[in-house]
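Student: Here you go, sequence then predicted model.
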Amino acid sequence: MNILKILLIFSLLIVFSCKDQDDVLRDSFPSETNFTNNFGEEITRNFFGEIKDINNNPIPNVVVTIGNSSTETDENGFFIINSAIVNKQFAYIRAKKTGYINGSRSLIPTNGINRVTIMLLVDLSTQTINSNSVITINTSNGASVTLPGNYITDNGDSYTGNIDVVMHYIDPVDQYSNSQMPGMLYAENTNGDAQYLQSFGMLSINLKGENDEILNLAPGSTAELKIPVNENIINNAPPTIPLWYFNETKGYWIEEGEAILVDNSYKGIVSHFTVWNADEPTDSTSVCLTIYDETENPLSNLNIIISSSAYGSTYGTTNELGEFCGIFPSDENFELIVYDNNYNTDNGICYNYNLLNSSIGPFNGNDNKIEFVIPDNSEIIYETVTGILSDCDGNPTNGYFQITYNGETNTIPVINGGYEITIPTCNLNRNFILEAYNIESFNTTGEISYTFTTPETFVGNLLACNSIDEFITYQVNDYPPITRYGNFYTEDSTSNLNFLWFTINGPQFNINLSSIPEIGIDNSIYQLGFWDENGNSCGADALYEAAVNISAAADIGDYIDATFSATYYDTGTNEISNVNGVIHVIRTPE
């Protein structure tokens, strides 16, 4: 692939949007059109998703809404909504939690369980200003907004006082951009036509008053945006480009205004705040793929890449019916790659393997359907795993199970107890670990080891009855606290010293637990180890201060209760960061 194909990530895996503002700004939005006729008839579909932060930590208790259906994520950040009312060609999923910018995703729903991943951005102030200030606010990556000093609240009243300005620039070249976009790159132009968008940069702006009022520009006021263009795509950037805002009520982008390329940045004038996008449009088409093996078993959890030389790449994963659907530019030829992370062999190790390469397209209109069969390969064994998930009373329940095979973990939704998944495996490794969760009570089966019994492995009627009460909660700087639940492992070394390992924002920590069960552990730097994301020890100078206090004794099999704090060098942000946390885990045997 050339660098443009790799870096222009126009994913249909969606994530964040701004605070609700559409009721206030309705008069400034274009009039209603028949654009929603593109969405098709109302249908019901099932959804399974994961909400996480930008460091891939799960976020519990996020309110997720699809149509008239709502739920909350569990302690692992997962949710299930069954029989949600959506449209045949359009489903809109919204996620909301205090401390984060609202998140969203739009997609074309499939017949099977629709998989959704949303990454929420923290709701932290970029700068605090006075409402009367005419000021330009800059971000570290070169984006900026020039504010006029006239604002209204969400009920239309004038506002005076301090204002927190929350800004997030989204670079389409960044590896995480596909999980930070709101909705999907699907839009309505000024003529009411459906468009596919090629983004050259996005900027989200939220204004909050002293009492957390949602603010926006007063009628007649405007602001100037500057959206930088990454140097890897600057040669493709047109001198003038349309601007599009994300309508959080409707779930898609709407064209409004334009921007001019000046000194490798797009500059434009806007009259309200939301997420703004500098994009080149083209006509759109919807496509659904289905992937089978040679015995017509649908293959789930396979990775999909669909690329074109002009528009870059779209990424996805097949569901339990082997399906993947998305919106793409019309009249374009694509390269399709289907692969899995684990299933070729090299020096005794299973590794990434392309199962299928094919040219597809061009497509026009809606509801294009194509099917592919993965060719037979002697190195690949297709294994079908089936079973039943029940609650403690033996009743089928909703939830998910996680299969860990060859170092990779796949999360599979379970609707009404039953599940079946067919995955490719390699000859070298026939063992896997399964853990199932009841999403309604957040009980678990615990980790269970299995060996594949080709071609089908029945794992039984599993009861999710073990309460999950081990956790580590921590907070980095002023970001929202993160809680990690599960069965943690405290590792005994050959010198009989006991360590607890965990990861915070990339760097890995361990706590030396060798002094327990004695109370009053020495609060020295040596009680808290520090490693970077590559597993390299950073030494004592990486931790400027560190302390661990053990508050509960812990023999083998008992709980360790402790608090910890540290000031450390964050290799992800190149800044000095502070972390504080609480530990409640079981001390494991040697």
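Tutor: Perfect, I can see it now.

Student: Compute the number of surrounding residues for the closest residue to Gln198 other than its chain neighbours.
Tutor: Residue nearest to Gln198 in three dimensions, not counting chain neighbours: Glu280, with 4.5 Å by CB to CB, 6 or more residues apart in numbering. From N, CA and C alone the C-beta is placed, and that goes for glycine too. When neighbours are counted by other CB atoms under 10 Å, Glu280 registers 17.

Student: try Asn155
Tutor: Neighbours around Asn155, by other CB under 10 Å: 9.

Student: And it, how far from Leu215?
Tutor: 11 Å (CB to CB, to the nearest Å).

Student: Same question for Asn138.
Tutor: Distance of Asn138 to Leu215, given as CB to CB: 20 Å.

Student: now swap in Ile101 and tell me
Tutor: Applying CB to CB to Ile101 and Leu215 gives a distance of 15 Å.

Student: So what sits opposite Phe78 in the bridge?
Tutor: Taking DSSP bridges, one finds Glu50 as the beta-bridge partners of Phe78.

Student: I misspoke; the intended subject was Pro329.
Tutor: In beta-bridge terms (that is, DSSP bridges), Pro329 pairs with Ser284.

Student: Surely it touches Glu280?
Tutor: No: using CB atoms under 8 Å, Pro329 makes no contact with Glu280, being 10.1 Å away.

Student: Now for these two: what residues contact both?
Tutor: Common contacts of Pro329 and Glu280 (CB atoms under 8 Å, 6 or more residues apart in numbering): Gln198.

Student: where do the strands sit along the stretch 1-150 of the chain?
Tutor: 42-52, 63-66, 69-72, 78-87, 91-96, 103-107, 113-119, 127-130, 135-138, 144-147 (DSSP state E, counting those that start in this stretch).

Student: can you pull the contacts of Val145?
Tutor: Neighbouring residues of Val145 by CB under 8 Å, 6+ apart: 136-137, 165, 167, 203, 205, 223-226.

Student: Show me how this structure divides into domains.
Tutor: Following automatic domain parsing, one finds the domains of the chain at 22-119, 123-282, 285-373, 380-467, 471-586.

Student: Export these to a markdown table and append columns for mean pLDDT.
Tutor: Listed next are these as a markdown table, based on pLDDT from 0 to 100:
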| stretch | mean pLDDT |
| --- | --- |
| domain 22-119 | 86 |
| domain 123-282 | 94 |
| domain 285-373 | 83 |
| domain 380-467 | 86 |
| domain 471-586 | 57 |
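
Student: thinking again about what came up before, of the contacts of Val145, select the buried ones using a ChimeraX command.
Tutor: Selection command for ChimeraX covering only the buried members of the contacts of Val145, criterion 16 or more other CB atoms under 10 Å:
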select :137,165,167,203,205,223,225,226
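
Student: Ala310: which of the contacts of Val145 is nearest?
Tutor: Among those, Leu203 lies closest to Ala310 (CB to CB), at 23.9 Å.

Student: That closest one reaches Asp171, doesn't it?
Tutor: No: under the criterion of CB under 8 Å, Leu203 is not in contact with Asp171, lying 10.4 Å apart.

Student: Not counting sequence-adjacent ones, nearest residue to Gly40?
Tutor: Closest to Gly40 by CB to CB, 6+ apart is Lys88, at 3.3 Å.

Student: just to confirm, which helix or strand has Val165 in it?
Tutor: According to DSSP states H and E, Val165 maps onto strand 162-170.

Student: Run me through the strand neighbours of the helix or strand following that strand, direction for each.
Tutor: Using DSSP H and E, the helix or strand that follows strand 162-170 in sequence is strand 186-188. Paired strands of strand 186-188, with direction, are strand 194-208 (antiparallel), strand 252-262 (parallel) (DSSP bridges).

Student: closest to Ser307 out of the ones you listed?
Tutor: Once the strands paired with strand 186-188 are compared by CB to CB, strand 194-208 is nearest, at 13.2 Å.

Student: Strand 162-170 and the closest one, what's the angle between them?
Tutor: When axes from the mean of the first three to the mean of the last three CA atoms, to 10 degrees is applied, the directions of strand 194-208 and strand 162-170 differ by 150 degrees.

Student: Distance from strand 194-208 to the middle of the chain?
Tutor: In terms of CA atoms, centre = their mean, to the nearest Å, the centre of strand 194-208 is found 17 Å from the chain centre.

Student: Next: stretch 262-281.
Tutor: Relative to its parent chain, stretch 262-281 has a centroid offset of 24 Å by CA atoms, centre = their mean.

Student: What is the burial count for Ile370?
Tutor: 13.

Student: and it, what does it touch?
Tutor: Residues near Ile370 by CB under 8 Å, 6+ apart: 287-290, 360.
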